[in-house]
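Enquirer: Whatever this is, show me its structure:
(one chain, ligands or ions: 1)
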Amino acid sequence: MTGTCVLGVTGGIAAAKASLLASMLVKQGLDVHVIMTEAACEFVAPLTFRTLTANPVSVDMFAEPGEWNVKHVSLAEAADVFVVAPATANFIGKVASGIADDLLTTTIMATRAPRVIAPAMNSGMYANPIVQRNIETLSALGYRFIGPESGRLACGDVGAGRLAEPERILDFVLHVCAGTGRPSLAGLRVVVTAGPTREPIDPVRFITNRSSGKMGYAIAGAAAVRGAKVTLVSGPVFLPAPEGCEMVRVETACQMRDATIDAAQEADVVVAAAAVADYMPASFSESKIKKSSGFGSLELSRTPDILAELGSAKGERVLVGFAAETDDLLSNAERKLSSKNLDMIVANMVGGEDSPFGADHNTVTILCPGAPPETFPAMSKLVLAHEILDRVSAICHH
Ligand code: C5P
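Expert: Modelled structure (predicted):
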């Protein structure tokens, strides 16, 4: 993504980890401007961030103005997203109390950009009701918190207080940015299926497909960041759990069916992004099949069609399917839209240059009953997730 990210770094040992985050934000294409507190400079040299971001690092309120006039105003206005990692108890307390006494606190007070705060502190400090109250106050005002995680802290304590991993912060920041300005999904209960399924042949072998789970994970994370209550039923994938989703991990199509039908009972929307295996071995061999035993053919049986089952007892639920096709994309997608009784189907071509498997981008056409197909240019799965959810939310409010 493009745009300006202001990254605030406050004084804690986790400030070192913020350099990784800065580098990841730069790699995403963001123009990153770091503001450090005086205490942060005791842990990491400003030069580290200056080198990683190729931008000057600001610390002092009253330094000679250079590129930026009245720095706290110009950085505040330039920011498309404002991230503070690590955020100390002191910083959170100051912001919650309206204190602006250094460059970072004045700038965050002046900004209108979405604000993401990643706390890191001793677990006793984090558990302190004053800190918890301050976090609640800021959350209610729209500040987004990520982490902290539990583990061994630098002070030797074990508990909650460790800075969220930079990958997790980055993922959350990207979701917050992509969701900004879009309608809230608060009050909506969404179930998303994602990833492939694995159908075991014997204890060491299985049938699966190329699904990475990225599209489904993007939809789940996008819905959660916009306030929906999300259950993500996931097949085996190598992706971090999206922030704020209830995870149900499954392996086989049958397990995915049971988990999805169960979660769907309370859902307003089901998005079936999973590439469910269509066939499973008719029987499972408890012992490893020897190649000498003539592994010539494998008898298969159909797996349950989860989405079709939901479509046959649809009720008030909005159902969204995906159609990955190598041929006749639109006619196949249209057939699935009506045969599975769906409100929307997202069709994408598979194979060649366009293959969506494992990619971060996707080119799709969205079909809804009685409406002309809507074809999108290639876009990131993250942004596409929000486009899909915008249309889902419009259907829900009809
Ligand atoms: O496999 P097919 O092309 O029919 O998939 C279309 C849609 O149906 C997808 O959204 C997929 O997640 C869903 N599906 C399912 N259960 C299956 C097969 C597909 O929910 N067994």
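
Enquirer: And the helices in this structure?
Expert: 15-27, 38-43, 46-53, 71-78, 89-97, 103-110, 123-127, 129-140, 166-179, 214-225, 253-264, 306-312, 329-339, 381-396 (DSSP state H).

Enquirer: How about Glu374: what's its closest non-neighbour residue?
Expert: Once flanking residues are discounted, Glu374 sits nearest to Ile366: 4.7 Å by C-beta to C-beta, 6 or more residues apart in numbering. To be clear about C-beta, it is placed using only N, CA and C from the backbone, and glycine gets the same treatment.

Enquirer: does the one you found really touch Leu389, like I thought?
Expert: No - using C-beta atoms under 8 Å, Ile366 is not in contact with Leu389, being 11.6 Å away.

Enquirer: in stretch 162-178, what counts as buried?
Expert: Across stretch 162-178, burial judged by 16 or more other C-beta atoms under 10 Å covers 162-166, 168-178.

Enquirer: pull the CA atoms of it into CSV?
Expert: Extracted in CSV, the C-alpha atoms of stretch 162-178 (Å, rounded to 0.1, in the frame of the first residue of the first chain):
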residue,chain,number,x,y,z
ARG,A,162,5.4,-8.6,25.5
LEU,A,163,5.1,-6.5,22.4
ALA,A,164,3.0,-8.3,19.8
GLU,A,165,5.2,-9.8,17.1
PRO,A,166,6.0,-7.3,14.3
GLU,A,167,4.3,-9.5,11.7
ARG,A,168,1.1,-9.4,13.7
ILE,A,169,1.2,-5.7,14.2
LEU,A,170,1.8,-5.2,10.5
ASP,A,171,-1.1,-7.4,9.5
PHE,A,172,-3.4,-5.5,11.9
VAL,A,173,-2.2,-2.1,10.6
LEU,A,174,-2.9,-3.2,7.0
HIS,A,175,-6.4,-4.3,8.0
VAL,A,176,-7.1,-1.1,9.9
CYS,A,177,-5.9,1.0,6.9
ALA,A,178,-7.9,-1.0,4.3
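
Enquirer: tell me the domain ranges of the protein?
Expert: When the chain is parsed with automatic domain parsing, its domains come out as 4-178, 185-396.

Enquirer: could you dump those to CSV with mean pLDDT?
Expert: CSV is the format used below for those (pLDDT from 0 to 100):
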stretch, mean pLDDT
domain 4-178, 93
domain 185-396, 94
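
Enquirer: Tell me which of the ones you listed sits nearest to the ligand.
Expert: Among the domains of the chain, domain 185-396 comes nearest to the ligand, with 3.4 Å by C-beta to the nearest ligand atom.

Enquirer: now check the closest one, is it near the ligand?
Expert: Yes - Domain 185-396 lies within reach of the ligand by C-beta under 6 Å from any ligand atom, at 193, 253, 272, 274, 276, 278, 303-307, 321-323, 336.

Enquirer: Which two among those are spaced furthest apart?
Expert: Maximum pairwise distance in the residues of domain 185-396 next to the ligand, criterion C-beta to C-beta, is 18.1 Å, between Pro304 and Ala323.

Enquirer: Mind checking which of those two has more residues around it?
Expert: Ala323 (23 against 16; other C-beta atoms under 10 Å).

Enquirer: Let me know how buried Ile345 is, in neighbour terms.
Expert: 28.

Enquirer: my guess is it meets Arg335, correct?
Expert: No - with contact defined as C-beta under 8 Å, Ile345 does not reach Arg335; the gap is 9.6 Å.

Enquirer: So Glu309 is in contact with Ala264, correct?
Expert: No - counting by C-beta under 8 Å, Glu309 does not reach Ala264; the two are 9.4 Å apart.

Enquirer: Comparing those two, which residue is more hemmed in?
Expert: With neighbours defined as other C-beta under 10 Å, Glu309 and Ala264 compare such that Ala264 has more, 24 against 14.

Enquirer: Nearest residue to the residue nearest the centre of the chain in space, please, no chain neighbours.
Expert: For the chain, the residue sitting closest to the mean C-alpha position, by C-alpha atoms, centre = their mean, is Gly221 at 3.6 Å. Closest residue to Gly221 apart from its sequence neighbours, by C-beta to C-beta, 6+ apart: Pro242 at 3.1 Å.

Enquirer: Since that was my last question, I'll sign off now.
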